[in-house]
Each structure stands twice: as structure tokens, then as C-alpha cells.
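**Student:** with the sequence up front, the predicted model follows.
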Amino acid sequence: MDNCLFCKIIEGKIPSAKVYEDDKVYAFRDINPQAPVHVLLVPKKHYANVCECAREDADLAGYMLKKCADIAESEGLKNGFRLITNNGPDACQSVQHMHLHILGGEQLADRMG
């Protein structure tokens with residue numbers, strides 16, 4: 001996608017603080033962190049949202065969950081972490097490229113909103 005922020009980050013056209021990369025996914029630190037550790041994990045292939053990704057490539061969606069666990073471990077999130085994905089306008093999805101937020105590093109609020 002020509003105008004997709006995350007596609008540009010994956011391509012290196014926009015700088016990011018890379019946490020992890022392989023042939024399928026790219027992970028980087030959120031520029032507006034909501035917790036001491038706030039990493040975004042995105043597929044390199046563009047999917048508008050998690051539902052599109054799950055329907056078109058369930059194997060990739062499962063792979064991304066495993067990578068979230070690996071990243072959380074490498075980030076030292078031994079006491080747990082929160083995994084969030086927003087899907088569509090009612091969920092306030094701000095970038096139309098499927099992404100998972102990995103949040104942790106402190107006791108998170110019980111209420112998410």
C-alpha cells in the first residue's frame with residue numbers, strides 16, 4: 001500500500017526502533033508508548049486488520065501470536081503482558097495495517113479504557 005504508515009516503516013522509508021524482524025513480521029517500539037514496554041508487531045504483507053489477516057492467512061496470524069510470546073520474553077515481561085489489536089473505526093484502529101500491541105513492564109490498569 002503506497003500510503004500505509006506501517007508499510008513505509010517495514011520498507012525503511014520511515015525510521016523505527018526495531019525490536020525484531022524476519023521474513024514474515026516486523027516489530028518496533030511504539031512512538032507513543034502506553035506502558036514501559038510497548039512494541040508493535042506487524043505482518044510484512046499488508047492486511048487492513050486482524051480479521052482480514054485471520055481469514056486470508058490463519059497460519060500467519062498464529063505465527064504472530066507465537067512471535068508476541070517470544071518478544072515478550074525477550075523484553076523481560078516475566079509477570080505478564082497485554083496483547084491488543086484494534087479492528088475498525090469503533091475500536092479506534094488508527095493505522096489500517098493489521099498490528100498487535102504488546103504492552104507490559106508494570107502492573108497495567110484493570111480497565112482498558
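**Tutor:** Structure received. All figures in this text were calculated on a predicted structure; none of them were measured in a lab.
**Student:** contacts for the top strand by length along the chain, please.
**Tutor:** If you go by DSSP state E, the chain has its longest strand at strand 37-43. Identification of contacts with strand 37-43 by CB atoms under 8 Å, 6 or more residues apart in numbering yields 6, 9-10, 19-20, 24-30, 53, 57, 60, 64, 67-68, 71, 75-77, 81, 97-105. For glycine as for every other residue, the C-beta is placed from the backbone atoms N, C-alpha and C.
**Student:** how far does whichever helix or strand comes after it sit from its chain's centre?
**Tutor:** Note on strand 37-43: by DSSP states H and E, the next helix or strand toward the C-terminus is helix 50-56. Distance, stretch centre to chain centre, for helix 50-56: 14 Å (CA atoms, centre = their mean, to the nearest Å).
**Student:** so which elements touch helix 50-56?
**Tutor:** Packing partners of helix 50-56 (3 or more CB pairs under 8 Å, 6 or more residues apart in numbering; DSSP states H and E): helix 58-74.
**Student:** which helices and strands sit right next to the next helix or strand after the helix it packs on?
**Tutor:** Later in the chain than helix 58-74, the nearest helix or strand by DSSP H and E is strand 81-84. Where contact means 3+ CB pairs under 8 Å, 6+ apart, strand 81-84 is packed against helix 58-74, strand 100-104.
**Student:** what is the longest one packed up against?
**Tutor:** This points to helix 58-74. In terms of contacts (3+ CB pairs under 8 Å, 6+ apart), helix 58-74 is packed against strand 18-21, strand 25-29, strand 37-43, helix 50-56, strand 81-84, strand 100-104.
**Student:** picking up where we left off before, mind listing what the longest strand of the chain pairs with, with the direction of each?
**Tutor:** In the sheet, strand 37-43 lines up against strand 25-29 (antiparallel), strand 100-104 (antiparallel) (DSSP bridges).
**Student:** what does the helix or strand of the chain with the lowest mean pLDDT contact?
**Tutor:** Within the chain, no helix or strand scores below helix 50-56, which has a mean of 94 by mean pLDDT, DSSP states H and E. Identification of contacts with helix 50-56 by CB under 8 Å, 6+ apart yields 43, 47, 60-61, 64, 85, 87, 98, 100.
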